[in-house]
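Asker: Any chance you can model this:
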Amino acid sequence: MAKRTGRQRSQLPHCYYEGFLEKRSFKDKKSRKLWTCLCGNTLFFFNEKRDTSYIEKLDLSDLISITDDGSVDRNLDAARMNVQMKDENIKFTAPNAEARELWKGFIHSVTELSVPFSLNLLPGQIHMLKETVEKEKERKKKIPPPAVTSSNPYITVQADMPACFHSVSRLEAELLLEREAKRGNLLLRPGSSGSSFAVTTRQDLNGSIFKHYRVTRKHEGGFTIDVDDPVPCATLHDVINYLVETTDRVLIPLILEEAYEKNISFIRSDNENGEKSVQDAPSYLIPPSLPPKLALRSPTPEPALEAVVEESLYLNDMLEETEQEKEDSSVVLLPQTDKRAPKKAIMPPIPVPRKLTSSTSIPSSASLPNTKMRAHLDPLGQTISELKMKLEKQARCLE
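Answerer: Here you go, the predicted structure:
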């Protein structure tokens, strides 16, 4: 069996962010400056930027938290952070504070599948994180669910599937390799049994030659390439590495990366000649912002209407008090003013004269208050009193 090395960069998931980081864990005696790539939800570490094989990796599935480390570094521009995993705490040092914020943003995006808006980032950087979240969601959708067998229900597939995995059938795999012959000639696909995998290869020899290899699970863990001399492999990545290394890299994993447009363009039709042309949208336009929410206010009555309502209430009170004064003339009740009413003079209402009947009693002058008050409260009683006094006067003259 050929010597196994770290997985090649071409076989890694899509790289979202990369750069130099100083890494130190409990088992490291000193910090190491490594080229770090965030591919999928895993950090891959390389000795140098140009290296094609990683030396170690850190799966972020067990991430608990990322916090800033305020300790001073010998490089004043450097910024430190602590990555707390389930089983260990790893210290990283970024070149500067901006790089540290970006690392934190990308790590949170792939682990939580949401953009952390609490970080100090620019609008363009936040847009990059949004794209990363969408790509990571699409990548995880393509990962097949782990098959559970009755013999060993604890065997699961490694979370970071090889980048050359394609959820296609045998015939679709052959057509895909035929169409994308310039990009690669090997891919991993689901097996026909549902609990296994298969590797499909394509080579040219007087035409296209396709070969299929079954990859089955082992009950004790790991996988096996089912050939005459079975090849045991710990992970699916080792399966791909073995096929690439044993064929002197003749077999190349097929990795399809989706292309995205760099500029916004549209097709416009000329109204004069009807010709259509592709035009680029202007980049200086500011996206529209949402209008502010209107605050709900309680309705307030209009001042004029409120004054009329209060005045009508006040007049009703005056009518009731006037009726009470007629029944009990010994007590004079003055109208109570409302504190909310405006300070202005309001004349009391003039009651409608009632028709005199035989049962109606005419009050005497002694039972009424003074003349001004009587004139103010009962004009009808004043008139009757004056007529009575005139009749008495005429009677005395006649005597």
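
Asker: Could you report the separation of Ser109 from Ile90?
Answerer: 19 Å (Cβ to Cβ, to the nearest Å). (Glycine included, C-beta is placed from N, CA and C.)

Asker: So for these two, which residue has more residues nearby?
Answerer: Taking other Cβ atoms under 10 Å, Ser109 and Ile90 do not tie; Ser109 has more neighbours (25 against 16).

Asker: Mind telling me what element the more buried one is part of?
Answerer: Secondary-structure assignment from DSSP states H and E places Ser109 in helix 97-112.

Asker: and after that helix, which helix or strand comes next?
Answerer: Along the chain past helix 97-112, the next helix or strand (assigned with DSSP H and E) turns out to be helix 123-141.

Asker: and the angle for that following helix with helix 97-112?
Answerer: Orientation check (axes from the mean of the first three to the mean of the last three Cα atoms, to 10 degrees): helix 123-141 against helix 97-112 gives 30 degrees.

Asker: helices or strands next to the following helix or strand past helix 123-141 in the packing?
Answerer: Sequence order places helix 170-179 as the next helix or strand after helix 123-141, per DSSP H and E. Contact partners of helix 170-179 among helices and strands, from 3 or more Cβ pairs under 8 Å, 6 or more residues apart in numbering; DSSP states H and E: strand 186-190, strand 197-204, strand 208-217.

Asker: Render the CA-only coordinates of the helix holding Ser109 in PDB, please.
Answerer: The C-alpha atoms that make up helix 97-112 are tabulated as PDB, following Å, rounded to 0.1, in the frame of the first residue of the first chain:
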ATOM      1  CA  ALA A  97      -7.600  43.100  14.700                       C
ATOM      2  CA  GLU A  98      -9.400  43.200  11.400                       C
ATOM      3  CA  ALA A  99      -8.200  39.700  10.400                       C
ATOM      4  CA  ARG A 100      -9.300  38.400  13.900                       C
ATOM      5  CA  GLU A 101     -12.900  39.800  13.300                       C
ATOM      6  CA  LEU A 102     -13.000  38.200   9.900                       C
ATOM      7  CA  TRP A 103     -11.900  34.800  11.300                       C
ATOM      8  CA  LYS A 104     -14.500  35.000  14.000                       C
ATOM      9  CA  GLY A 105     -17.200  36.000  11.500                       C
ATOM     10  CA  PHE A 106     -16.500  33.200   9.100                       C
ATOM     11  CA  ILE A 107     -16.200  30.600  11.900                       C
ATOM     12  CA  HIS A 108     -19.600  31.700  13.400                       C
ATOM     13  CA  SER A 109     -21.200  31.700   9.900                       C
ATOM     14  CA  VAL A 110     -20.300  28.000   9.100                       C
ATOM     15  CA  THR A 111     -21.000  26.700  12.500                       C
ATOM     16  CA  GLU A 112     -24.300  28.600  13.300                       C
END
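
Asker: Which neighbouring elements make contact with the host helix or strand of Phe266?
Answerer: Using DSSP H and E, Phe266 sits within strand 265-269. Counting contacts by 3+ Cβ pairs under 8 Å, 6+ apart, strand 265-269 is packed against strand 276-280.
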